[in-house]
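**Student:** with the sequence up front, the predicted model follows.
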Amino acid sequence: MNNKGQVFGFALLVLFFFFLIGVIATIDPFKEVLDDVRGNAALNCKGTANFNQTLFDLDDDDANAKLNKRTTCFATGLIMLWFVGSFLLASVVWLVKNFKVKPR
């Protein structure tokens, strides 16, 4: 029986659990900051509290404003998914790489 390897593997599993709790705890503040950015009157993203449909329709005439504003709205909408997903994927890869329990 490999007790030392099992203890080390369990310690890594507990550390991964703390990483998971940490990243879940940052979701709400991160979402709040992104909502503030997306709710800015200069950006005027759909789905925010300060959205103005008239100004949004006026952006259709200016291709540069349309390209900059709508791309930024899209990117700020997905950045939390990318951050949390990449952090969790990297944590799982780290856990699998360093888990030392060997078969008998």
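**Tutor:** That came through fine.

**Student:** which secondary element of the chain has the worst mean pLDDT?
**Tutor:** Ranked by mean pLDDT, DSSP states H and E, the weakest helix or strand in the chain is helix 53-58, scoring a mean of 84.

**Student:** contacts for that one?
**Tutor:** 44, 46 (Cβ atoms under 8 Å, 6 or more residues apart in numbering). Where you see a C-beta, it was placed from the backbone N, CA and C, and this is true even at glycine.

**Student:** do stretch 16-29 as well
**Tutor:** Looking at what lies outside stretch 16-29 - Cβ under 8 Å, 6+ apart - the contacts are 80, 84, 87-88, 91-92, 94-95.

**Student:** could you redo the last one with a cut-off of 7 Å?
**Tutor:** With Cβ atoms under 7 Å, 6 or more residues apart in numbering as the test, stretch 16-29 has contacts from 80, 84, 87-88, 91, 95.

**Student:** out of those, which are buried?
**Tutor:** By neighbour count, with 16 or more other Cβ atoms under 10 Å, those hold 91, 95 as buried.
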